[in-house]
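A.B. asks: What would the 3D arrangement of this be:
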Amino acid sequence: MPGSPPGSVWDLKPWWCQPWTILVTGMVVIGASWLVLHLWWITAGVSAVIAAWWLLFLVLMPAAWKRSQAGGSEG
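C.D. replies: Down below sits the predicted model:
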């Protein structure tokens, strides 16, 4: 229905910014790091950065959006 609020923050995002693309891209980057470099400590660092990216975009951002939609962003 036009004018109705979206049910999820993901309804506002294009196909290339959906949870499945974020997860797949992260797994590909981690896998490529290992396949190309074969250095566990670099792959571990890449994995930590990807995990932080997942936390930010798959957990924290949707939770903040949901709070703002519920009117809980005051104060």
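
A.B. asks: okay, CA-based contacts and neighbour counts for the rest of this
C.D. replies: OK.

A.B. asks: Would you mark the buried spots in the least confident helix or strand in the chain by mean pLDDT?
C.D. replies: Least confident helix or strand, the chain: helix 61-69 with a mean of 92, by mean pLDDT, DSSP states H and E. Neighbour counts over helix 61-69 (16 or more other CA atoms under 10 Å) mark Lys66 as buried.

A.B. asks: Next secondary structure after the longest helix that the chain contains?
C.D. replies: Longest helix of the chain, by residue count under DSSP state H: helix 19-37. Counting by DSSP states H and E, the next helix or strand C-terminal to helix 19-37 is helix 40-54.

A.B. asks: So Ile42 sits against Ser33, correct?
C.D. replies: Yes. Assessed by CA atoms under 8 Å, Ile42 is found in contact with Ser33 at 7.5 Å.

A.B. asks: Same drill for these two, tell me which one is more crowded.
C.D. replies: Counting neighbours by other CA atoms under 10 Å for Ile42 and for Ser33 shows that Ser33 has the greater number, 19 against 14.

A.B. asks: give the contact list for the more buried one.
C.D. replies: Applying CA atoms under 8 Å, 6 or more residues apart in numbering to Ser33 gives the contacts 42-43, 46.
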